[in-house]
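S.K.: Below: sequence and its predicted model.
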Amino acid sequence: MIDYEKIKKAVIMIIEAIGEDPNREGLKETPDRIARMYEEIFSGIRETPEKHLSKVFKVNNDDVVVEKDIQFYSMCEHHFLPFFGKVHIAYIPNGKVVGLSKLARTTEVFSKRPQLQERLTSQIADSLMEYLKCKGAMVIIEAEHLCMSMRGVKKWGSKTTTIVTRGEFQKDNSLKQDVLNILRL
């Protein structure tokens with residue numbers, strides 16, 4: 001559970017620090033709105049991927065499973081500005097698969113917290129290896145970071161791509177290339 005009162009006090013202090021009046025009509029309810037928003041957008045802090053990846057289905061083959069274009073948003077832990085984009089997940093089952101929605105839910109567990117894209121990519125891949133005991137995992141994230149778009153260098157539309165491979169995808173470059181071909185990256 002988050003501390004609403006502490007967040008509201010902090011937001012009031014920020015509003016005052018930038019030279020605004022927290023009692024102005026348009027800002028009166030802002031501290032409460034931000035506290036409620038933070039509970040939603042940081043809900044992954046209180047979750048683990050285990051609850052989503054523990055329900056599996058047995059399969060007789062170990063062909064690659066690819067789920068692409070899972071949309072996500074997260075908050076950059078450096079500037080507390082959003083970054084958002086698409087996650088592509090591939091894994092090689094080891095006799096069992098997980099429901100496809102569980103890959104999106106696992107993405108949400110890790111994206112709904114203060115985050116780095118590089119860490120997010122690794123956390124998703126590592127959770128697949130840990131909970132599914134799969135033979136390999138590959139996660140690719142393409143994201144736009146508002147900390148680069150609206151401040152600093154101000155390069156709107158630039159995207160950062162991170163790729164993490166585990167297991168068989170690290171050992172067999174042709175498997176990795178097959179996934180990249182499917183994704184057309």
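M.R.: Done, it's in.
S.K.: Which secondary structure elements does the lowest-mean-pLDDT helix or strand in the chain sit against?
M.R.: Taking mean pLDDT, DSSP states H and E as the measure, the chain has helix 146-149 as its least confident helix or strand, at a mean of 92. For helix 146-149, the packing partners by 3 or more CB pairs under 8 Å, 6 or more residues apart in numbering; DSSP states H and E come out as strand 82-92. C-beta coordinates here come from the backbone N, C-alpha and C atoms, glycine included.
S.K.: quick one: contacts for Ile92?
M.R.: For Ile92, the contacting residues are 62-65, 134-137, 167-169, 175, by CB atoms under 8 Å, 6 or more residues apart in numbering.
S.K.: Reformat those residues as TSV; add distance to Asn94 and pLDDT.
M.R.: Converted to TSV, these look like this (distance: CB to CB, whole Å; pLDDT from 0 to 100):
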residue	distance to Asn94	pLDDT
Asp62	7	89
Asp63	12	94
Val64	12	97
Val65	11	97
Cys134	5	98
Lys135	5	98
Gly136	9	98
Ala137	11	99
Gly167	9	98
Glu168	10	98
Phe169	13	98
Leu175	14	95
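S.K.: Now tabulate those residues in JSON lines and tack on neighbour count.
M.R.: As requested, the contacts of Ile92 are arranged in JSON lines below (neighbours: other CB atoms under 10 Å):
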{"residue": "Asp62", "neighbour count": "17"}
{"residue": "Asp63", "neighbour count": "9"}
{"residue": "Val64", "neighbour count": "17"}
{"residue": "Val65", "neighbour count": "17"}
{"residue": "Cys134", "neighbour count": "24"}
{"residue": "Lys135", "neighbour count": "19"}
{"residue": "Gly136", "neighbour count": "25"}
{"residue": "Ala137", "neighbour count": "24"}
{"residue": "Gly167", "neighbour count": "20"}
{"residue": "Glu168", "neighbour count": "18"}
{"residue": "Phe169", "neighbour count": "24"}
{"residue": "Leu175", "neighbour count": "20"}
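S.K.: Can you tell me which of those lies closest to Ile15?
M.R.: Each of the contacts of Ile92 was scored against Ile15 by CB to CB, and Ala137 proved nearest at 43.6 Å.
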